[in-house]
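Visitor: this is a predicted model, with the sequence first.
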Amino acid sequence: MPHEFPHEPRLTQALRQLLARQRVAALATLDAQGLPFVSMVPFAVDHDTGHLVLHVSGLAPHTGNLLRTPQVSVLIMQAEVDGEPVHALPRVSLEGVAAVLEPREAAWASGRAAYLARFPEAEPMTQLGDFRFVGITIHAARQVAGFGAARTLDEADLQQVLRSLA
């Protein structure tokens, strides 16, 4: 659960809660022909580095795509609730650059720890040779927290939120 920041703006609190509560995202990459490809990925936030962390298989199309073209977009949104309007669902679209985290680097250790803290059941997959951790450095975002509640965030504002999640 995220830390509470009582004097934090309402939209920042909503963003922090969205990132803490949602565990899956839509990852948009570009294929070899430059066409968009979207896939579902579980994600964690590494508060040490401010990265979104994915654990991906080398066999997955999105892995080859992000290795070839590291610019990615990620959509994280609140799940739909039966009977509730869907047009104002809280969501954030993140723009960033993906990079494979190398096991000999500190970012790999902190990324792995953040991912396994959120998904302890994934630990056996970390032993498989074709899986790797990917860190996404987020540079910009567009947040929609409901009707009339939207904003664009820059990298500094995003990093403050991402590094505060634990």
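Guide: Yes, it's here.
Visitor: beta partners of His55?
Guide: Phe133 (DSSP bridges).
Visitor: neighbours of it, how many?
Guide: Around His55 there are 22 other residues, counting by other Cβ atoms under 10 Å. Every C-beta, even on glycine, is put in place using the N, C-alpha and C of the backbone.
Visitor: how close does it get to Leu128?
Guide: Separation of His55 from Leu128 (Cβ to Cβ, to the nearest Å): 10 Å.
Visitor: pLDDT-wise, which helix or strand of this protein ranks last?
Guide: Across the helices and strands of the chain, mean pLDDT, DSSP states H and E gives its lowest value to helix 155-164, namely a mean of 88.
Visitor: buried stuff in that helix?
Guide: In terms of neighbour count (16 or more other Cβ atoms under 10 Å), helix 155-164 has its buried residues at Glu155, Asp157, Leu158, Gln159, Val161, Leu162, Ser164.
Visitor: that helix - contacts with which helices or strands?
Guide: Packing partners of helix 155-164 (3 or more Cβ pairs under 8 Å, 6 or more residues apart in numbering; DSSP states H and E): helix 10-21, strand 131-146.
Visitor: what helices or strands is the shortest one leaning on?
Guide: With contacts taken as 3+ Cβ pairs under 8 Å, 6+ apart, helix 10-21 sits against strand 71-77, strand 91-100, strand 131-146, strand 149-154, helix 155-164.
Visitor: any idea which residue is closest to the centre of the chain?
Guide: Centroid-nearest residue in the chain: Leu52, 4.2 Å away (criterion: Cα atoms, centre = their mean).
Visitor: now do the closest residue to it other than its chain neighbours against Ala99, distance only.
Guide: Using Cβ to Cβ, 6 or more residues apart in numbering and skipping residues adjacent in sequence, the residue nearest Leu52 is Ile136, 4.3 Å away. Distance, Ile136 to Ala99, using Cβ to Cβ: 8 Å.
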